[in-house]
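Chemist: this is a predicted model, with the sequence first.
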Amino acid sequence: FAPEVPTIMMNGGCKYPGIAGKEQLMQFEMGLINLQLQVERTFTQVAVSTGRPSVVIMDRGLMDIKAYLPEDLWGELLQRLRLTESYLIGRYDLCL
């Protein structure tokens, strides 16, 4: 069970900058996405290394971030990180 990344960040002292501080918000969200990607890759790598069938559950995924941003900022965020929604969605076998 991979933990929720925003909670890890908040518990580590990161403060959500809010929508008003655009560049601070973009930096926060880029950090969040990069950490989320790393957590997902690490948990998947460890599961694969067992050689057994595994299920990796993520408490929130990358698309969750979209719900907290205006559409234009979400698009800019994806552009800056050179990511697409199709790529993000395609990383998961099932979303609930």
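Modeler: Nice, I can see it.

Chemist: give me the neighbour count for Leu88.
Modeler: Using other C-beta atoms under 10 Å, the number of residues around Leu88 comes to 19. For glycine as for every other residue, the C-beta is placed from the backbone atoms N, C-alpha and C.

Chemist: which of the residues in the longest helix along the chain are buried?
Modeler: In the chain, with assignment by DSSP state H, the single longest helix is helix 22-49. Buried residues in helix 22-49, counted by 16 or more other C-beta atoms under 10 Å: 25-26, 28-29, 32-33, 35-37, 39-40, 43.

Chemist: and that helix, what does it pack against?
Modeler: Other helices and strands packing on helix 22-49, by 3 or more C-beta pairs under 8 Å, 6 or more residues apart in numbering; DSSP states H and E, are helix 5-11, helix 71-81.

Chemist: so that helix versus helix 71-81, what angle?
Modeler: 60 degrees (axes from the mean of the first three to the mean of the last three C-alpha atoms, to 10 degrees).

Chemist: need the helices and strands packed on helix 22-49 in TSV (columns: mean pLDDT).
Modeler: Shown next, in TSV, are those (pLDDT from 0 to 100):
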stretch	mean pLDDT
helix 5-11	92
helix 71-81	96
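
Chemist: right, I'll call it a day here.
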